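1. got a predicted structure plus its sequence, pasted below:
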Amino acid sequence: MSCWQTVQDYALRSLGHGERLLPREGYTLCEHFTLIGSGMIWNVYFGALALFAGFFLATVVALGKGARNPLIRKPSEWFIFIFRGSPLFIQFFFAYFLFLSLKSVSPIFDAFTSAWLGALIVLFLNTAAYSGEIFYGALRSIPKGDVEAADAYGFSGLRRFRKIVWPTMLRLAWPAYTNEAIFLFHSTTLVFFSGFPAWQQRGDALYYANYFADKTFNPFVPYPILAGYFILLTLVIIGIFGAVNRHLNRHLPQEARRGLRLRLNVIR
Amino acid sequence: MFSFCSDPATLDGARWLACYLTTVKHANLYVAVGTVLLLLAITAPAALAFGFGGAMAARSRIWPLSWFGKGYIAIVRGVPDIAFFLFFVIALDQIFEVIRHKIKCPDWPDEIWQGSDFVVCQAAKLPLGNSPQWVHDTYGFFVAVLTFAIVFGAFAANVLYGAMRAVPRAQLETAEAYGMSRRQSFWRILVPQMWVYALPGLSNLWMVLTKATPLLFLLGIEDIVYWAREMGGTALPRFTEYPHGDWRMWYFLALLVFYLGLTKVSEVALERVMVRLSHGQATTGGEAQRRAA
């Protein structure tokens, strides 16, 4: 079987298109690359959507944690503590079994027990908590002079927030937020190992890498391929976030611009 | 365990729960919690040692050693950790067995990797096929600890490497002015001073490490996740004296609370260590302590 044929068969396997049966013998290098690459679709899906939705909730949570009113502050603090203080792996398990019990109450929750929605919600809340903490830190380190200048020019309320506070917060938080984004994409690999079933063997990249390692007893091929894909993905993220970082810092004198300093992290 | 537990069917409420939570089966869960704490207790110093070695290698003036140190830090940080966990467990196991195979069965005719099979001679198997169950368990735990130490060692190496470079240059220059050799200034000046710079990173790492412990489950250890799933599942009256529905949700809620507690305790303890380490240091924290005294 030619490699092109394999690509046609398995490139969209993780979405349920193409050949139904996973490779049973041979396990060529081409099959490794195609299937693991196909699984990356899920990693990108989970990471991108959770990051996008989480961004907005994170802003709200950061503002909430910075609020003076304890009725707003306390829930935000607890939200951040719960999601940052416990392992994502356990959160996945808990959410899955929670949705499973809710399913027997009402059929509305049917979709929540499948990974595409249930795991996405957990990742969304999780990244919102982590990013919220980053944004909160940035919010507290906004230069006093910037806010005073905004006051002097008659900015107030929502307009001051949108024009001055928010862009400065993003600018200060961006390097840490880039790390959080990379970190989030890495943790999407946990989804199919934590209760959420890979329906009809439609899994993510690690699911397929693990499949090959189990079948061939040779971890030295699939995992380095997976690693290669993730390094590529990480480079893409760094590229995109770097462009945004330049945009956020474009008004600063060249010398004062802060480059992205990357500090990658492990499992949450 | 309690005397009133002899006939579970007649119990209700708190008494039933007390009996239920002290069954022999539940002891497994409590042992698993102990395993997690044991893993933390062994892995943290081991990872710190790996990290210290890695950071020292990265600082070395001998370039192959320095490349090795920097490569170790860079590779482990760029790839999802969980991939490393899955990789190292099989890889370490196979490496050990291949080495033993080469030593114990030098005239073995066949290839080790035959297509999709991994075959070593009987004497090279780890642990040996006829060894008791506890040896298998201990070996699995040992491989898991080693895996954790390698992965977290890379992160610790990164933190310590940064901390070593954060010690003010003037301190080392003073050491040189007093005629200390490179080795002496490293052990007597740099190492005692670097901890205060390393602690924020290391405490962050500790938090990550505590939260990585449920991944033991993926390494094939019967850990808390395994037992929570086992015991939470629907228990039918036919098989147990304590029948209940699907309680896995509540078991995982309990685990969630356990980890939150662990985080809270660590936060308080690490804050104390930071206060202790800042004592007498040339940092803002140390300065604040000096003013307050």
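-> Yep, that arrived.
2. can we go C-alpha only for contacts and neighbour counts from here?
-> Noted.
3. quick one: secondary structure of the nearest residue to B:L40 once chain neighbours are set aside?
-> Excluding the flanking residues, the one nearest B:L40 by Cα to Cα, 6 or more residues apart in numbering or on different chains is B:T210, at 7.0 Å. When states are read from DSSP: H, G, I helix; E, B strand; the rest coil, the local structure at B:T210 comes out as helix.
4. what sits against B:T210?
-> Applying Cα atoms under 8 Å, 6 or more residues apart in numbering or on different chains to B:T210 gives the contacts B:L40, B:Y259, B:L262, B:T263.
5. separation between it and B:I189?
-> Using Cα to Cα, to the nearest Å, B:T210 is found at 31 Å from B:I189.
6. just B:D93 next, same as before
-> Plainly put, B:D93 is 40 Å away from B:I189 if you go by Cα to Cα.
7. quick revisit: show the pLDDT at the residue nearest to B:L40.
-> On the pLDDT scale, B:T210 is placed at 88.
8. pLDDT wise, what is B:W67 at?
-> 90.
9. residues contacting it?
-> With Cα under 8 Å, 6+ apart as the criterion, the residues that contact B:W67 are B:A58.
10. likewise for A:S141?
-> Contact partners of A:S141, counting by Cα under 8 Å, 6+ apart, are A:L172.
11. contact residues of chain B facing chain A?
-> Chain B has residues B:77-84, B:86-87, B:90-91, B:115-118, B:155, B:208, B:211-212, B:214-215, B:218, B:225, B:246, B:248-249, B:252-253, B:255-257, B:259-260, B:263-264 near chain A, with proximity defined as Cα under 8 Å from any Cα of the partner chain.
12. can you select the buried ones from the residues you listed in PyMOL?
-> Listed next is the PyMOL selection for buried residues among these, using 16 or more other Cα atoms under 10 Å in any protein chain shown:
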select buried, chain B and resi 77+78+79+80+81+82+83+84+86+87+90+91+116+155+208+211+212+214+215+218+225+246+248+249+252+253+255+256+259+260+263
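13. sitting in helices, which of the residues of chain B next to chain A do you find?
-> Counting by DSSP state H, the part of the residues of chain B next to chain A found in helices is B:77-78, B:81-84, B:86-87, B:90-91, B:155, B:208, B:211-212, B:225, B:248-249, B:252-253, B:255-257, B:259-260, B:263-264.
14. low pLDDT regions in the stretch 151-293 of chain B?
-> For the stretch 151-293 of chain B, the stretches with pLDDT under 70 are B:239, B:282.
15. equivalent analysis for the stretch 1-150 of chain A, please.
-> In the predicted model, the stretch 1-150 of chain A carries pLDDT under 70 at residues A:1.
16. can you give me the helices in it?
-> Listed in chain order, the helices found in the stretch 1-150 of chain A under DSSP state H, counting those that start in this stretch are A:3-10, A:29-66, A:70-85, A:88-105, A:115-140, A:144-152.
17. can you confirm B:D110 is in a strand?
-> No - counting by three-state DSSP, B:D110 is located in no strand; its state is coil.
18. quick one: pLDDT of it?
-> So B:D110 comes in at 70 (pLDDT).
19. quick one: residues contacting it.
-> Going by Cα under 8 Å, 6+ apart, B:D110 touches no other residue.
20. okay, now A:S101: neighbour count?
-> Look at A:S101: counted by other Cα atoms under 10 Å in any protein chain shown, it has 17 neighbours.
21. same question for B:V24.
-> Residues near B:V24, counting by other Cα under 10 Å: 10.
22. any idea how far it lies from chain A?
-> 24 Å (Cα to the nearest Cα, to the nearest Å).
23. show me the contacts for that residue.
-> With Cα under 8 Å, 6+ apart, B:V24 has no contacts at all.
24. where does pLDDT dip in the stretch 151-268 of chain A?
-> For the stretch 151-268 of chain A, the stretches flagged by pLDDT under 70 are A:254-268.
25. look through it and state the residue closest to chain B.
-> Closest residue of the stretch 151-268 of chain A to chain B, Cα to the nearest Cα: A:T216 (4.2 Å).
26. quick check: phi and psi at residue 12.
-> Using chain A. Main-chain torsions, A:L12, degrees, to the nearest 10: phi -110, psi 20.
27. nope, chain B
-> Backbone torsions of B:D12, given as degrees, to the nearest 10, read phi -150, psi 160.
28. same check, this time on B:A235
-> Main-chain torsions, B:A235, degrees, to the nearest 10: phi -110, psi 120.
29. ok, now which ones touch it?
-> By Cα under 8 Å, 6+ apart, the residues touching B:A235 are B:Y242, B:P243, B:H244, B:G245, B:D246.
30. pick the one among those residues closest to chain A.
-> Nearest to chain A among these, counting by Cα to the nearest Cα, is B:D246 at 7.9 Å.
31. for the closest one, give me its contacts.
-> Listed by Cα under 8 Å, 6+ apart, the contact partners of B:D246 are A:S101, B:G232, B:G233, B:T234, B:A235.
32. between all of these, which two are separated the most?
-> A:S101 and B:A235 (15.4 Å; Cα to Cα).
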